[in-house]
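1. how would this look folded up:
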Amino acid sequence: QVQLVESGGGLVQAGGSLRLSCAASGRTFSGYTMGWFRQAPGKEREFVAAINWSGGSTYYVDSVKGRFTISRDNAKNMVYLQMNSLKPEDTAVYLCAAATTTVIGTPQPMSLYDYWGQGTQVTVSS
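-> Now for the predicted structure:
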């Protein structure tokens, strides 16, 4: 089993930055594809970014390209999402997810991810 715990959310003004972290348990973390998804009130959960097991391949939804950066530290079992130039439309609960199989391309369907965190709230004020 894998447990995922997100942190780093908060309230920020438009144009600001936040760094989300996801701490993962489990000996096989380094073999997982890791992703970030978000869900705004009244909307469906959507793919934001993903990173392959080595960190060599990353994928982003078009709306965050050039603003968000996903990274991972396999030695620490951590995944990060650096979010810059935040916009009010980025407001959502952000969830970390792990896929035990290789997932490539964008956007990535939720159904391919096996483990989920509880999420961290990000609120961007205008």
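
2. C-alpha only now, for contacts and for neighbours.
-> Fine.

3. excluding sequence neighbours, find me the nearest residue to the residue sitting nearest the centre point of the chain.
-> Nearest to the geometric centre of the chain sits Trp36, at 2.0 Å (CA atoms, centre = their mean). Using CA to CA, 6 or more residues apart in numbering and skipping residues adjacent in sequence, the residue nearest Trp36 is Cys96, 4.7 Å away.

4. so where does the one you found fall, helix or strand?
-> strand 92-99 (DSSP states H and E).

5. that older thread, distance of the residue nearest to the centre of the chain from Ser126?
-> 23 Å (CA to CA, to the nearest Å).

6. re earlier: pairing partners for whichever strand or helix holds the residue nearest to the centre of the chain, with directions?
-> Element membership for Trp36 (DSSP H and E) is strand 33-39. According to DSSP bridges, strand 33-39 forms sheet pairs with strand 46-51 (antiparallel), strand 92-99 (antiparallel).

7. ramachandran angles for Val64?
-> Phi and psi for Val64, reported as degrees, to the nearest 10, are phi -120, psi 0.

8. what does Ser63 give?
-> Torsion angles, degrees, to the nearest 10, at Ser63: phi -70, psi -10.

9. burial count for it?
-> Burial of Ser63 is recorded as 11 neighbouring residues (other CA atoms under 10 Å).

10. from Pro41, how far off is it?
-> Relative to Pro41, and taking CA to CA, Ser63 is found at 18 Å.

11. let me see the ranges of the strands in the protein.
-> In the chain, the segments counted as strands under DSSP state E are 4-7, 10-13, 18-24, 33-39, 46-51, 58-60, 68-73, 78-83, 92-99, 115-116, 120-125.
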